[in-house]
Structures are given as C-alpha cells and as structure tokens.
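Novice: Pasting the sequence and the predicted model now:
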Amino acid sequence: MSLATNLKIFFNEAGNLSRFTGRFFKQWFKPRYETAELGRQCFVIGYKSLPLIGLTAFILGLVLTIQLRPSLIDYGVESQLPAIVGIADVREIGPVITALIFAGKIGSSIGAELGSMNVTEQIDAMEVSGTNPFKYLVVTRVLAATFMLPVLVMMGIAISLYGSYLGVNIHGVTSFHLFWKQVFDSLSFTDVLPAFIKSYFFGFAVGMIGCYKGYNSSKGTEGVGRSANSAVVLSSVMIFVIDLLVVQVTDVLGLN
Amino acid sequence: MAKKVINSVKLGAFIIGGMLFLVLLLYMIGKNSNLFGATYKLKARFENIQGLVTGNNVRFSGIEVGTVKRIKILDDTTIEITMIIEKKMLKILRKNAVVSIGSEGLVGNKVVNIVPARIPGPLAAEGDILNTRKTVSTEEMLETLSKSNNNIVEITAGLKTTVQRINNSNALWSLLNDESIPRDVRNSISNIRLATVKARNMADNLNAIVMDVRNGKGSVGTLLKDTSFAQNLNEAVLKIQAVGNEAQSLAVEIKQVVTGIQKDINTGKGTVNALLKDSLMTLTINTSLENIQKGTDGFNQIMEALKHNFLFRGYFKKLEKKKPK
C-alpha cells in the first residue's frame, strides 16, 4: 500500500470517527434518556474495573517509591519521598496508567461486545424493534466511560499513595499522618485539577473509540477481534495524544 | 430487582469513594493555602525577596500561620508582599514583629519568617505593614567568602615568607641549637629563686620591724608609740625654749655691755681708750721702750764686766763646767 493510500485510510478513519462523535453529541441531548442502562454500564465499566485498577495502582505506587528511594538518597532528600511520589502520582502516573489499564479492559470489552452485536446483526434487530441502538449502546457506554474513569483515577491515586506509604515504610519509618501531610503539602490545585479534568477526556476517548470500532466492525468473526484490538491500540495512543495536548494547554496557561 | 439495588449501592459507594478522595485532596490543598477559615492580611516591604513566590509559607516563630498571597513591585527598590495570616494570630502577632525571608533547608522553598520582638507593642491589625530585616543571601555570603579567601591568600603568602626567613636565619637556629642557653636559663631561674627567697626574708624582717614599731618596741617604736616619752620630749623642748629665752636676754645684756664699752672707748674713757686713741701716749711708750732697750744694753755690758771680775769669775766657770753634763 502506498503512502497516499495509507493517508487516505487515515483521514477516512479520522473523518468517520469525527462524524461518529458528532452523532454521539447529537443523540446525547435528545430526550428519552437510557438512565437504567447508563447505571448498568457505569456499574460494569466503573465498579467492575476497580479491582484491576486498584491492584495495578497499588503495585505502581509501591514500586515507584522503592525505585525512587536510591536516587533520592543520592541527593540526600530521602525525606521528600512522599512529596515526590505524591506529585508524580497525582499529576501524571495516576491518570495515565489508570487510563491505559482502563483502555485495555474497557476499550477491548466495548469493542468486542459491540463488534459481536454488529456481526450477529443484533444492532439491526434493535433498530427494527424501535429502540435507538446508538443511544442505547453507544451513548450510555461513552458516558459511563467518561464519568467513571475520573472516579477510578481518584481511587487509583488514593490506593497507589497507600502503596507508596507502605513502600516508604519498608526502609524507613514515616507515620501515616506525616506521610499524607507531606503529600498534601507538596500538592496544589494546579496539580490536581488538570489531572482530574484530563481523565474525563481519557475516559471519553476510550469509550468513544471502543464504541466506534465495535459499531463499525467488519463482518465476520475476525472483525470482532480486529475491532477489539484496534480499539485498545487506538485509545491507548489517544490517551497519550490527549496527555500531550493537556500538558501543552496547562503549560500555556501557566498552571505547571 | 434485588440484584439491581445492590449494584446501585456498590456503584454509589464506588463513585462517592472516588469523589470523596478528590474532595479531600482539594480541601487539604485549599487548607494549606488558607482558602478556608478566617484570615487577615499583613504586608511587608523588602528590597530583595530572593525568589519568594506567591503561595510560599509564612511562619511565626517556626509555626506555619499563613501564606504569601501577593507580590507587588512598588518601585525599583521596594517590593511589597501581602501575606494572609490565620485569624487566631490576631491576638498574638504584634506590630513590632520582624519579617525576614528564609528558606526551608539549604536549597528548599523560600519562607517568610515572622519573629516577635521581645518588647511590648500594639497588636498587628488588618493591612498593617510590618518591619523587615534584610537577610544574607547566598550570593552575598559567597561574595564575603571570596573576600575572605583573598585575605587568606595574602596572609598565607606573608606567613610563607616569614617562615622562609626564619628558616634561613642562622642566628635563630644557632640560638635554638645552643645547648648552653637552657642551662643558663635554668641557673638564672635558680638565682632568681634564691633572690626571691632573700627578698622574702627581707620582707619578713621588714614586716617584723614594722610590727615592732607598731607594737612600740625599740627606739623608733618608743619615739612613735610611747606617750610618756612624747611628754618628756615635750617638756625637754619647753626647757630648751626657756634656756633659749634666757640666752636671748643674756645676749641682750652682753650687747648692752659691749655697746657701753664701745661708747667708753669712743668717748675717750679708760685705759683702752688711752691705749688706742691717745697718740701722745704711744709716743711716750715708744720712748719708754727705747729707754728700756738702752738700759738692757747697759746691763749686758755690766754683766760682761762682772764675768770678768775676779769676784764672780769663779762662779761663772762653775756654771760652764756644769753645762756639758
């Protein structure tokens, strides 16, 4: 395939995704809200992801602390360990790692679920039965992903900071209270709020791409696999792209 | 339906848990920057704020009581900082407290230190401008250090030449190497020791004498201490004075006598006057004396004649025979 063809495919995809996103916003504000389905999706996407996110976040906090310790000892600022882990966790590692795990778990499940529904023509059946499939399947999932990821990120930060607290106490002794005080003292609104806000975008990107890939999967069993796979890959890439954009914006606004 | 309720509860707990952490995080940050709770503002003016930024902590005697809210440039040499201080400090912080800029550790964040003055003063109210003290910045410290280094270089250079001169000086080394010096010094010291012993003895003796004198022993003691002696002395002096008076009157009488005699002599009375004043008498005496001389010459001739006279020759021969014996 030539470069021109590749570019053509890329722009075609981008255009389709944009139209799909536009359709989402159009459908979202239209009445007849699928509240019950939204709640169910929130439970599945948010609550069910918590164990995985919690485990990875805990390990991440613990490992980050243990890994940072020797470098900080070299500089003689071992006492700043909670502050440094706190800033790293809240600003970057918490949101991004949580979003990546979330993309792996939720992006693939949405892609596969909608892909298989598309393959087995359930979506068409739904349309025939009078239910708006886009509203019922896509809007609820995207909204659930958008609103659940920030919650998961906050949970993940809390759990990873607890892991960090344990990590600090492997070699040294720091009281629970002092640890949290040092973490909170080192943080400011400009650390927390951009991180919190960008996790909405991460969630939205994961939900949107998962739904797009699943909703537009090619026919056949392999189409389901491909849509699940590309949903994860694309949403992971999008997470980093959004991260890059957010950091540029906060930098320009002087929030760093 | 029952399962769905449990799901909602779990979901609700999950969401509230996540949001609670966010709220806690934001609250703690807000609390750290004194967004909540009653505060009041104080100001201070500096020439150089050494990298202080808004949000840095304000400490009162080491306790965090607020944050730096605003930094404003008033003119090219004055920078005004506005601090928000917890309201509870209204009853503690006084207007004469001194504000300075320090840092948390050697390379840490800057902090504003408020140190209370040890003298009473009015309490600081909203918007008051506190006194400031200029603190030594790292650059100034290094500048001073560099000056000190230059001085040390000069001093060590001087020391070096001094030591070299000492090393090159034969006199000093010979002095140091001369083994007789310590011996001499030792002898001198022993002499000094002897001398001091003697001096001490002398001082002891002197002391004893002084003690004797004080106690009235010896002639000096008697002189100084014996009251009866003093009285005697006094009497003696009085007698001497009386004798002196008598002598004076005697002298007056003698003078009168002498004066009388002088007058007599001058006026021509008595023998002395005749002797001294009468020229005729002198002449008479002279003639008399001449006559006496002539008389003795004549007598001598007569005596010669007598020797040769037979009557007395024998007597004179006897005299001459006796003479040689």
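Specialist: Ah, there it is.
Novice: residue in chain B nearest to chain A?
Specialist: Using CB to the nearest CB, the closest approach of chain B to chain A is made by B:Gly18 at 3.3 Å. Every C-beta, even on glycine, is put in place using the N, C-alpha and C of the backbone.
Novice: That residue: what's it in contact with?
Specialist: Counting by CB atoms under 8 Å, 6 or more residues apart in numbering or on different chains, B:Gly18 touches A:Pro150, A:Val151, A:Leu152, A:Val153, A:Met154, A:Met155.
Novice: Tally up the residues packed near the first one, please.
Specialist: Okay, so that is A:Pro150. Other residues within reach of A:Pro150 by the criterion other CB atoms under 10 Å in any protein chain shown amount to 26.
Novice: Likewise for the second one?
Specialist: Other residues near A:Val151 come to 26 when the count uses other CB under 10 Å.
Novice: mind checking how far it is from A:Gly39?
Specialist: Between A:Val151 and A:Gly39 the distance, using CB to CB, to the nearest Å, works out to 14 Å.
Novice: Could you do A:Pro82 as well?
Specialist: Relative to A:Gly39, and taking CB to CB, A:Pro82 is found at 37 Å.
Novice: Counting neighbours, go ahead and name the busier of the two.
Specialist: Remark: of A:Pro82 and A:Gly39, A:Pro82 carries more neighbours, 24 against 17, as counted by other CB under 10 Å.
Novice: Could you check which helix or strand contains the more buried one?
Specialist: helix A:81-88 (DSSP states H and E).
Novice: Could you check the pLDDT of B:Lys322?
Specialist: B:Lys322 is assigned a pLDDT of 82 by the prediction.
Novice: swap that for B:Asn205, please
Specialist: According to the per-residue confidence, B:Asn205 scores 90 in pLDDT.
Novice: Let me have the contacts of B:Gly18 in a markdown table, adding secondary structure as columns.
Specialist: Rendered in a markdown table, the data for the contacts of B:Gly18 read as follows (DSSP: H, G, I helix; E, B strand; the rest coil):
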| residue | secondary structure |
| --- | --- |
| A:Pro150 | helix |
| A:Val151 | helix |
| A:Leu152 | helix |
| A:Val153 | helix |
| A:Met154 | helix |
| A:Met155 | helix |
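Novice: Could you pull up the residues touching the one residue in the stretch 151-256 of chain A that gets nearest to chain B?
Specialist: Using CB to the nearest CB, A:Val151 is the residue of the stretch 151-256 of chain A that sits closest to chain B, at 3.3 Å. The contact partners of A:Val151, by CB under 8 Å, 6+ apart, come to A:Gly46, B:Phe14, B:Ile15, B:Gly17, B:Gly18, B:Met19.
Novice: what's the answer for B:Leu123, then?
Specialist: Taking CB under 8 Å, 6+ apart as the contact definition, B:Leu123 lies against B:Leu90, B:Lys91, B:Ile92, B:Leu93, B:Arg94, B:Lys95.
Novice: Look up the pLDDT of the last one for me, please.
Specialist: If you check B:Lys95, the pLDDT there is 86.
Novice: for the second one, same thing?
Specialist: We note a pLDDT of 87 for B:Lys91 in this prediction.
Novice: Quick check: residues of chain B near chain A?
Specialist: Contact residues (CB under 8 Å from any CB of the partner chain) of chain B with chain A: B:7-8, B:10-11, B:14-15, B:17-19, B:21-22, B:25-26, B:28-30, B:32-33, B:55.
Novice: Can you tell me how far the residue at the greatest distance from the centre of chain A is from B:Gly105?
Specialist: What lies farthest from the middle of chain A is A:Gly76; by CA atoms, centre = their mean that is 35.7 Å. Note on A:Gly76: its distance to B:Gly105, by CB to CB, is 10 Å.
Novice: could you point out the longest strand in chain B?
Specialist: When every strand of chain B is counted residue by residue (DSSP state E), the longest turns out to be strand B:63-75.
Novice: in it, what counts as buried?
Specialist: B:Val65, B:Gly66, B:Thr67, B:Val68, B:Lys69 (16 or more other CB atoms under 10 Å in any protein chain shown).
Novice: need these in TSV with pLDDT and distance to B:Met141, can you?
Specialist: Compiled in TSV, the buried residues of strand B:63-75 are given as follows (pLDDT from 0 to 100; distance: CB to CB, whole Å):
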residue	pLDDT	distance to B:Met141
B:Val65	87	28
B:Gly66	86	28
B:Thr67	87	27
B:Val68	89	23
B:Lys69	87	29
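Novice: name the element residue 17 belongs to?
Specialist: Here I'm looking at chain A. Short version: A:Leu17 belongs to helix A:3-28, going by DSSP H and E.
Novice: Chain B is the one I meant
Specialist: helix B:2-32.
Novice: Give the lowest-confidence helix or strand of chain B, using mean pLDDT as the measure.
Specialist: Comparing helices and strands within chain B by mean pLDDT, DSSP states H and E singles out helix B:270-277 as the least confident, with a mean of 68.
Novice: so for the next helix or strand after that helix, what's the average pLDDT?
Specialist: Per DSSP H and E, the first helix or strand lying C-terminal to helix B:270-277 is helix B:279-308. Confidence over helix B:279-308 (mean pLDDT, whole number) is 86.
Novice: who does helix B:279-308 touch, helix- and strand-wise?
Specialist: Secondary-structure packing of helix B:279-308 (3 or more CB pairs under 8 Å, 6 or more residues apart in numbering or on different chains; DSSP states H and E): helix B:310-322.
Novice: how far off helix B:279-308 does the helix it packs on point, in degrees?
Specialist: In terms of direction (axes from the mean of the first three to the mean of the last three CA atoms, to 10 degrees), helix B:310-322 departs from helix B:279-308 by 90 degrees.
Novice: For helix B:310-322, give me every contacting residue.
Specialist: By CB under 8 Å, 6+ apart, the list of residues contacting helix B:310-322 reads B:Leu306, B:Lys307.
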